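Peer 1: Show me how the following folds:
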Amino acid sequence: MLDYRVETFLTVCQEMSYTKTAEILNITQPNVSQHIKWLEDLYHRKLFQYQGRRLTLTPAGELLKRTATAMRHEEKLLREQMAKAEDQKMSLAFGATKSVNEGFMKSRIPGFLRKYAGGRIYFVVDNTSQLLEEMNHMNLDFAIVEGNFDKEVYDYIVLSKERFIPVCAPGYSFRKKIRFLEDLFCETLIVREQGSGSREIFHNILGSRNETFESFSAVMEIGDIGITKELLKAGNGIAFMYEMAVRQELEEGSLKEIRLQDFDVCHEFALVWLKTRQFSSYYEKLAEELVKCDEEP
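Peer 2: Numbering: from 1, shown residues only. A predicted model of the protein is given here:
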């Protein structure tokens, strides 16, 4: 069990405010300050500092935050494993990004959830940034993402590698002959919302070529994959998406891949969890079950 002063520290990390922390924990602000000072005296390091009026973590504070968060996560898993050992209902809270849910998870989630029938299940679909934040706050046990994440904070297992391709409507009228990525810059680009893993990946690809989203003649930001597909089918622009997320549309001919001579990108889909020393085998088992599951009972 984490020391109550460490719990205070983690709450300050979340709120970045001594006043809000005191309100949440129902203690006084001087109590919050005392708890933080006790930890700073224990480790002989400052944990927080002010930059102007903004409270920030010091490098030592960042390290303690990562370690304490992992310890809190292990304690939660320990409680769940104890409940399972006594044949009590086990809880499972996890999430997937929208792109993952359109392809990889759509064919596997029914079978996977059947394995945990009778327990408390929570499944959410959101972008990579939000899912990582939910894990940091202990609202999710793990997430399946295609976006980038800090490998010093999270452990992971690669579930698959998926092609990342440009797509459009079959009858889309290009403004010029298309051979290279730069030939698409005169078209309207449809991109995902801020925090999306696929958006970040394409942003990094463009950055490696000294380009940005503004290199395109127009940009539409759409947070829903279904709406993006409908806009593409109607000829309202082009988009870069995972092949598995549009596989059905490609097979039925309502969308087509735009073939480029200088664009061949694959990216990993990974099961991600907060670092833990004791329960890695637990997540390895979950990953194995996910890969094996399909729609059939």
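Peer 1: Can you get me a residue count around the residue nearest to Lys177 when sequence neighbours are not counted?
Peer 2: Nearest residue to Lys177, sequence neighbours excluded (C-beta to C-beta, 6 or more residues apart in numbering): Asp183, at 6.9 Å. For the C-beta atoms, the positions are set from N, CA and C on the backbone; glycine is no exception. Using other C-beta atoms under 10 Å, the number of residues around Asp183 comes to 17.
Peer 1: tell me the SS of Asp183?
Peer 2: Of the three states, Asp183 takes helix according to DSSP: H, G, I helix; E, B strand; the rest coil.
Peer 1: Verify the contact between it and Lys176 for me.
Peer 2: Yes. The pair Asp183 / Lys176 is scored as a contact, 5.9 Å apart, by C-beta atoms under 8 Å.
Peer 1: just checking, next helix/strand downstream of the longest helix along the chain?
Peer 2: If you go by DSSP state H, the chain has its longest helix at helix 59-85. Sequence order places strand 91-96 as the next helix or strand after helix 59-85, per DSSP states H and E.
Peer 1: Using PDB, list the CA coordinates for that next one.
Peer 2: Listed in PDB are the C-alpha atoms of strand 91-96, where the atom choice follows Å, rounded to 0.1, in the frame of the first residue of the first chain:
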ATOM      1  CA  SER A  91     -12.600  -6.400 -13.400                       C
ATOM      2  CA  LEU A  92     -11.100  -5.500 -16.700                       C
ATOM      3  CA  ALA A  93     -10.800  -1.900 -18.000                       C
ATOM      4  CA  PHE A  94      -9.200  -1.200 -21.300                       C
ATOM      5  CA  GLY A  95      -9.400   0.900 -24.400                       C
ATOM      6  CA  ALA A  96      -8.500   1.000 -28.100                       C
END
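Peer 1: Show me how far it is from its chain's centre.
Peer 2: 13 Å (C-alpha atoms, centre = their mean, to the nearest Å).
Peer 1: Next, find the distance separating Val145 from Ser196.
Peer 2: Using C-beta to C-beta, to the nearest Å, one gets 10 Å for the distance from Val145 to Ser196.
Peer 1: if I look at those two, which residues touch both of them?
Peer 2: Thr97, Thr128 (C-beta atoms under 8 Å, 6 or more residues apart in numbering).
Peer 1: Packing partners of the longest helix of the chain?
Peer 2: For helix 59-85, the contact count by 3 or more C-beta pairs under 8 Å, 6 or more residues apart in numbering; DSSP states H and E identifies helix 4-15, helix 29-43, strand 265-274 as packing neighbours.
Peer 1: what about 6 Å?
Peer 2: In terms of contacts (3 or more C-beta pairs under 6 Å, 6 or more residues apart in numbering; DSSP states H and E), helix 59-85 is packed against helix 4-15.
Peer 1: Helix, strand, or coil at Gly171?
Peer 2: Following three-state DSSP, we place Gly171 in the coil state.
Peer 1: okay, now the nearest residue to Arg175 once chain neighbours are set aside: neighbour count?
Peer 2: Excluding its sequence neighbours, the residue lying closest to Arg175 (C-beta to C-beta, 6+ apart) is Cys186, at 4.7 Å. When neighbours are counted by other C-beta under 10 Å, Cys186 registers 14.
Peer 1: How much space separates Cys186 from Lys76?
Peer 2: Applying C-beta to C-beta, one obtains 51 Å for the distance of Cys186 from Lys76.
Peer 1: ok now do Lys65, which residues does it touch?
Peer 2: Residues touching Lys65, when contacts are defined by C-beta atoms under 6 Å, 6 or more residues apart in numbering, comprise Cys13.
Peer 1: what's next to stretch 276-296, contact-wise?
Peer 2: Residues from elsewhere that reach stretch 276-296 (C-beta under 6 Å, 6+ apart): Ala70, His73, Glu74, Leu77, Ser107, Arg108, Pro110, Gly111, Phe112, Ile157, Leu271, Trp273.
Peer 1: The strand ranked longest in the chain packs against which elements?
Peer 2: Under DSSP state E, the strand in the chain containing the largest number of residues is strand 154-168. Here strand 154-168 touches strand 238-242, strand 265-274, going by 3+ C-beta pairs under 6 Å, 6+ apart.
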